[in-house]
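J.: One predicted model, sequence on top.
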Amino acid sequence: MNAWLAQHLAALRDALRRLAASPLNSALSLLVIGIALTLPTAGWVVIENLHEATRSASGIQQISVFMAADAGKRDIGEVESRLRGAKIGTWRFVSRDEALKRMQSLEGMTEVVASLPRNPLPDAFVVEPADARPESLEVLAQTFSGWPKVAHVQLDSAWVKRFDALLRIGKRVVALLALLFAGALVAVTFNTIRLQILAQAAEIEVSKLIGATDAFIRRPFQYYGALQGALGGLLAAVLVAAGGYFLAAPVAELAALYGGNFALRGLSPGDTAVLTAAGAALGWLGAQISVSIHLHQIG
Amino acid sequence: MIAASALGKRYSEGLEALKDVSFEIGDGEMVFITGHSGAGKSTLFKLIAAIERPSSGSIVVNGQNLAALSRGAVPYLRRNFGLIFQDQKLLFDRNVLDNVLLPLSIVGQTGKDAIRRARAALDKVGLLARERATPVALSGGEQQRLAIARAVVNRPAVLLADEPTANLDSGSAADILEIFRAFHQVGVTVIISTHDPQWMARLSPRILCLEKGQIKGQMRGTARDRADGGGAR
């Protein structure tokens, strides 16, 4: 085993030993870090679920393409062929007869429709684009309106924009929270490591005097900070999962009342890995700053 | 080889601890740096070990000018030395064996081989039977022997000791000096700073006399049990 690996393993063992040596302090620090990471993570999960809920709710991100009254089968075929070629998502054709039938089925509309001398409704296409960003939807709507025999393109872009703006505000709030709590995590680790350094000042002094490099001194503290952050990240993932489990039933009930079957989405294994890695990186950073300041002070 | 030329050290508060000190110490020599308290012995010890930087002049160790040494290179230079401090600087929360294992872990030696080497070092200073004891349970002489074991475990080319017999009774001090002599006899350069002249005759080392930060004389101690001692230079 080479010296580099041996030193890293020794540093990791040392960090684990320190974590285990004061279980109460370690548990309290982990709890603080876990809660600090839980809040922005929970916010992110809420935003993602809102995004998903609006994606799955019908009509919100649809574009209706109404054909001209004099459009024939050839014109409809031309639009079909263009939609097929554009590969922009899913779409379906709603003939004027089908539209009239749907209208008739609506409560109170039967008599109104029966009184009409002829079917006033046009043939239409309902498009659900894969790219649901408001700006993309507007570009698509403009493209459709330029196609032959298309009389009107309907996109509830104002609603989409409003909702998208709200989501963007939400994302920014979550980003700010993440930034603030990341700072808190770094500060918590910084302070934990500072106390450890004070407790081990003699060992650090002796080690430096007999030939230890700064990297050798830093390494166990870096591992400690990273371990603490990673465990805090895992704890945050557990807390978010517990919150999701707690809210799943009422959310499903609410969705059912709106005729949907929406289910809350929690953190994926990939998300949990990213959260753990972020916690580890922030913990490492707090430790790095703390040890570097101390090493600078002792010259 | 250690060479100092016009070496000076002035502290920020204005105290001039060393001025215009020049000397050479060859490989395998045994040198005592003597002088009264405040003569500059500890400062010279710190300059040789690159614990402090000179204010003027130069000190060259194995071809490296310590005045120009980068901060990152200092730890690697110190690994050439076995440093023994007046206050030993032992880790009192670790046992004897772990104290000796520390320099080995610094150079990346762990596991059974490191333990074997640490025990060999403890054996050389007569502390093998006490490897599980904590330093606080050791006598002053034993603590100094532990400090020596820690200093020699990486087989340094130079042993550098600052007042290693201070605060020891004469029996313990004699034991410590015997250990230094044993290392010197196998080719290790030994540099000892002391204000106690009684051991020089016994070991017949080369002696650098410091007074008020300057070298006032270089001589060789009277040989009692070594044949190569000379008179004053």
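T.: Yep, it's here. Here the structure is a predicted model, which is why all the values come from computation and not from measurement.

J.: where are the low-confidence patches of chain B?
T.: For chain B, applying pLDDT under 70 flags the ranges B:221-233.

J.: and the residue of chain A most remote from its centre, which of the three is it?
T.: What lies farthest from the middle of chain A is A:Pro117; by Cα atoms, centre = their mean that is 52.4 Å. What DSSP: H, G, I helix; E, B strand; the rest coil gives for A:Pro117 is coil.

J.: What residues does chain B have near chain A?
T.: By Cβ under 8 Å from any Cβ of the partner chain, the residues of chain B that approach chain A are B:49, B:51, B:72, B:75-76, B:78-79, B:83, B:85, B:89-93, B:102-103, B:105-111, B:150-151, B:154. The way it works is simple: take the backbone N, C-alpha and C, and place the C-beta from them, glycine included.

J.: quick one: is the one helix or strand A:Ala6 maps to near chain B?
T.: Per DSSP states H and E, A:Ala6 falls inside helix A:3-21. Yes: Helix A:3-21 lies within reach of chain B by Cβ under 8 Å from any Cβ, at A:Ala3, A:Trp4, A:Ala6, A:Gln7, A:Leu9, A:Ala10.

J.: Pull the contacting residues for the third one.
T.: Contacts of A:Ala6 were listed using Cβ atoms under 8 Å, 6 or more residues apart in numbering or on different chains, and they are B:Gly108, B:Gln109, B:Thr110, B:Gly111.

J.: what does the last one give?
T.: Shown here is A:Ala10, whose contacts under the criterion Cβ under 8 Å, 6+ apart are A:Pro220, B:Ser105, B:Thr110.

J.: Sort out which of those are in helices and list them.
T.: Among these, the residues falling in helices (DSSP state H) are A:Pro220, B:Ser105.

J.: can you give me the end-to-end distance of stretch B:61-70?
T.: Terminal residues of stretch B:61-70 are spaced 14 Å apart (Cα to Cα, to the nearest Å).

J.: Let me know whether A:Phe144 touches A:Pro129 as I believe.
T.: No: taking contacts as Cβ atoms under 8 Å, A:Phe144 lies outside contact range of A:Pro129: 10.4 Å.

J.: the more surrounded of the two?
T.: When A:Phe144 and A:Pro129 are compared for neighbours, A:Phe144 comes out ahead with 24 against 20, by other Cβ atoms under 10 Å in any protein chain shown.

J.: give me the element the more buried one is part of.
T.: Using DSSP H and E, A:Phe144 sits in helix A:134-145.

J.: going on from that helix, what's the next piece of helix or strand?
T.: Per DSSP H and E, helix A:134-145 leads on to strand A:150-155 as the next helix or strand towards the C-terminus.

J.: Could you check the angle that following strand makes with helix A:134-145?
T.: Between strand A:150-155 and helix A:134-145, the angle formed by their directions is 170 degrees, by axes from the mean of the first three to the mean of the last three Cα atoms, to 10 degrees.

J.: just to revisit the earlier point, roughly how far apart are the residue farthest from the centre of chain A and B:Thr189?
T.: 117 Å (Cβ to Cβ, to the nearest Å).

J.: try A:Leu155
T.: 87 Å.

J.: one step back: and the residue farthest from the centre of chain A, how close does it get to B:Leu83?
T.: Separation of A:Pro117 from B:Leu83 (Cβ to Cβ) stands at 108 Å.

J.: And B:Phe180, by the same measure?
T.: B:Phe180 is 13 Å from B:Leu83, by Cβ to Cβ.

J.: now swap in A:Leu5 and tell me
T.: Taking Cβ to Cβ as the measure, A:Leu5 falls 27 Å from B:Leu83.

J.: Compare neighbour counts for these two and give me the winner.
T.: When A:Leu5 and B:Leu83 are compared for neighbours, B:Leu83 comes out ahead with 25 against 11, by other Cβ under 10 Å.

J.: On the three-state scheme, A:Val65 is what?
T.: Going by three-state DSSP: A:Val65 is strand.

J.: from memory it sits against A:Ala124, does it?
T.: Yes: if you go by Cβ under 8 Å, A:Val65 and A:Ala124 touch, sitting 6.2 Å apart.

J.: between the two, who's got more neighbours?
T.: Counted by other Cβ under 10 Å, A:Val65 and A:Ala124 do not tie: A:Val65 has more neighbours, with 26 against 22.

J.: Just give the nearest non-adjacent residue to the more buried one, would you?
T.: Once flanking residues are discounted, A:Val65 sits nearest to A:Phe125: 4.3 Å by Cβ to Cβ, 6 or more residues apart in numbering or on different chains.

J.: Can you name the residues bridging to that neighbour?
T.: A:Val65, A:Phe93 (DSSP bridges).

J.: Indicate the residue of the stretch 51-200 of chain A located nearest to chain B.
T.: Closest contact between the stretch 51-200 of chain A and chain B, by Cβ to the nearest Cβ, is at A:Gln200 (8.8 Å).

J.: Tell me how far A:Ser136 lies from A:Val79.
T.: According to Cβ to Cβ, A:Ser136 and A:Val79 sit 19 Å apart.

J.: More neighbours: which of these two?
T.: When A:Ser136 is set against A:Val79 and neighbours are counted by other Cβ under 10 Å, the residue ahead is A:Val79, at 21 against 14.

J.: hmm, back to that, after the helix holding A:Ala6, which helix or strand is next? Please name it.
T.: Once the chain leaves helix A:3-21, the next helix or strand it forms, by DSSP H and E, is helix A:23-56.

J.: what pLDDT, on average, does that next one get?
T.: Averaged across helix A:23-56, pLDDT comes to 88.

J.: which secondary structure elements does it contact?
T.: Of the remaining helices and strands, those touching helix A:23-56 by 3 or more Cβ pairs under 8 Å, 6 or more residues apart in numbering or on different chains; DSSP states H and E are helix A:157-199, helix A:214-257, helix A:269-298.

J.: Rebuild these as a markdown table, extending it with mean neighbour count.
T.: Shown next, in a markdown table, are those (neighbours: other Cβ atoms under 10 Å in any protein chain shown):
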| stretch | mean neighbour count |
| --- | --- |
| helix A:157-199 | 16 |
| helix A:214-257 | 19 |
| helix A:269-298 | 19 |
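
J.: CSV please, covering those and showing mean pLDDT.
T.: Listed next are those as CSV, based on pLDDT from 0 to 100:
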stretch, mean pLDDT
helix A:157-199, 88
helix A:214-257, 92
helix A:269-298, 94
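
J.: closest to A:Ala27 out of these?
T.: Among those, helix A:214-257 comes nearest to A:Ala27, with 9.9 Å by Cβ to Cβ.

J.: so how far is the closest one from its chain's centroid?
T.: Here helix A:214-257 shows a centroid-to-chain-centroid distance of 15 Å under the convention Cα atoms, centre = their mean, to the nearest Å.

J.: What is the helix or strand B:Met219 falls within packed up against?
T.: Using DSSP H and E, B:Met219 sits within strand B:214-220. Here strand B:214-220 touches strand B:16-25, strand B:206-211, going by 3+ Cβ pairs under 8 Å, 6+ apart.

J.: how close does the nearest residue to A:Thr110 once chain neighbours are set aside get to A:Leu24?
T.: Nearest residue to A:Thr110, sequence neighbours excluded (Cβ to Cβ, 6+ apart): A:Gln104, at 5.4 Å. The spacing between A:Gln104 and A:Leu24, counted by Cβ to Cβ, is 72 Å.
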